[in-house]
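> Compute the structure for the input listed below.
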Amino acid sequence: MKALVVDAEWKPRKEYAVSEEEVIRRRASVGSRVWCNPSFEVRDVPTPDITDNEVLIRVKVCGICGSDTHVYETDAQGYIIFSGLTKFPCILGHEFSGVVEKVGAKTVNLKVGDVVAVESVMWCGMCQACRSGAPNQCKRVELMGLSADGALAEYVAVNERYCWKIDELLEVYSERDTFNVGALIEPVGCAYNGIFISGAGFKPGGVVAVYGVGPIGLGAVALAGIAGASRIIAFDIIDERLKIAKAMGADYAFNVNKMHDCSPGDKVMELTRGWGADVQVEAAGAAPLTIPEMEKSLSNEGKIIYLGRAATKTSMYLDTLVSGANKIVGARGHVGYGIYPNLIRLIASGKLDLKKMITAEYAFEKVVEALKNSVARKDGKILIRVSD
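Got it, this is the predicted structure:
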């Protein structure tokens, strides 16, 4: 089968203390500290075999994630930008939908022909975190398309438990749109997890500010509207994405680089008559720039939901958290807690329209070109049509 394989040079930075486990497994916990000079090639690889608990999926559509862009991008020394778990060589891609082609002997919920969307956080189910109900914090986690083979390929083998049937979307969408929207459940699930699970939601009428309106930020905008936010304020540095944010429900959208008369935090205070935002979502991965603005424009009992992944630090004036009874919450992943089934129901009901997020589609043979173009960050979501 054809697959997009990424490889890179194992070259830990001098200041990075590589653990014994990382060396033995040749798997980096912080990819940006270890992997250098990545290469990308569509090539023939064996079609994967499946175990008794796995299914073989014919991939229909796979999205280009910001994580994929961060693997493609490098810094001045040639190191990848992505700061998470990575093991190369690896088949890239993890936001996808497809059709079940083959089922293992012990599968119970799926059959050949089922249309599915798939979780990419490969939780073990046996560690203390998983067994305690926190699968996104799995201690043996693998990340599909980053530390384990992913879905920018004609076929992918995955454990049945990561798959969710989306056949009901075929009742409201064409087959093409069903697969397109199905591939968006994974990134929007990250926003759902951050706002409603880790962040415990907000009261209808609350004000939500979103910093960074890539796919996860756009998902946060759409979900905030469904949940009853009275005002949704979006910030980014790219006009094209801000236009999409407005189309998906943002009441206000500002290009931070063009705000010469006031800062984002000041603008939030102005628009909320001095109250501040009840929820502030960091989906930009630019904490040193965004957190200070969020910090000064939080309402009482306001929350900062940190979703943007970057190996960075920033200072905070902690007395603000004390005096305002505020919170800062980190969130990773999209699994468990009814996230996938709830999103599938919202999409099927017509209340959650993700099609507006899609701004570019590429044939599979042009996937490397799509990765290159993703660096400009002008698109909402780039999709790769792997098979017809």
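
> what about dumping the CA coordinates of stretch 206-225 to PDB?
The C-alpha trace of stretch 206-225 is given here as PDB (Å, rounded to 0.1, in the frame of the first residue of the first chain):
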ATOM      1  CA  GLY A 206     -20.600  33.400  29.900                       C
ATOM      2  CA  VAL A 207     -18.000  35.200  27.700                       C
ATOM      3  CA  VAL A 208     -15.400  33.000  25.900                       C
ATOM      4  CA  ALA A 209     -12.200  34.300  24.400                       C
ATOM      5  CA  VAL A 210     -10.200  32.100  22.100                       C
ATOM      6  CA  TYR A 211      -6.500  32.800  21.300                       C
ATOM      7  CA  GLY A 212      -5.500  31.000  18.100                       C
ATOM      8  CA  VAL A 213      -8.200  29.900  15.700                       C
ATOM      9  CA  GLY A 214      -6.600  27.000  13.900                       C
ATOM     10  CA  PRO A 215      -8.800  23.800  13.800                       C
ATOM     11  CA  ILE A 216      -8.800  23.300  17.600                       C
ATOM     12  CA  GLY A 217      -9.500  27.000  18.300                       C
ATOM     13  CA  LEU A 218     -12.200  27.000  15.600                       C
ATOM     14  CA  GLY A 219     -13.800  24.000  17.300                       C
ATOM     15  CA  ALA A 220     -13.700  25.900  20.600                       C
ATOM     16  CA  VAL A 221     -15.500  28.800  18.900                       C
ATOM     17  CA  ALA A 222     -18.300  26.500  17.500                       C
ATOM     18  CA  LEU A 223     -18.700  24.600  20.800                       C
ATOM     19  CA  ALA A 224     -18.800  27.800  22.800                       C
ATOM     20  CA  GLY A 225     -21.700  29.000  20.700                       C
END
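
> how far is that stretch from where the chain is centred?
Here stretch 206-225 is found 13 Å from its chain centre; the criterion is C-alpha atoms, centre = their mean, to the nearest Å.

> So for it, mean pLDDT?
For stretch 206-225, the mean pLDDT works out to 97.

> same thing with stretch 298-309?
94.

> what's the answer for stretch 20-33, then?
Stretch 20-33 carries an average pLDDT of 96.

> Using PDB, list the CA coordinates for it.
The C-alpha coordinates for stretch 20-33 follow below in PDB (Å, rounded to 0.1, in the frame of the first residue of the first chain):
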ATOM      1  CA  GLU A  20      17.300   5.500  29.500                       C
ATOM      2  CA  GLU A  21      13.800   4.500  28.300                       C
ATOM      3  CA  GLU A  22      14.000   7.000  25.400                       C
ATOM      4  CA  VAL A  23      17.300   5.600  24.300                       C
ATOM      5  CA  ILE A  24      16.200   1.900  24.500                       C
ATOM      6  CA  ARG A  25      12.900   2.500  22.700                       C
ATOM      7  CA  ARG A  26      14.300   5.100  20.400                       C
ATOM      8  CA  ARG A  27      11.200   7.200  21.200                       C
ATOM      9  CA  ALA A  28      11.400  10.800  22.300                       C
ATOM     10  CA  SER A  29       9.100  12.200  25.000                       C
ATOM     11  CA  VAL A  30       9.900  15.700  23.700                       C
ATOM     12  CA  GLY A  31      10.300  15.400  20.000                       C
ATOM     13  CA  SER A  32      11.600  19.000  19.400                       C
ATOM     14  CA  ARG A  33      14.600  18.200  21.700                       C
END
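
> That'll do, ta.
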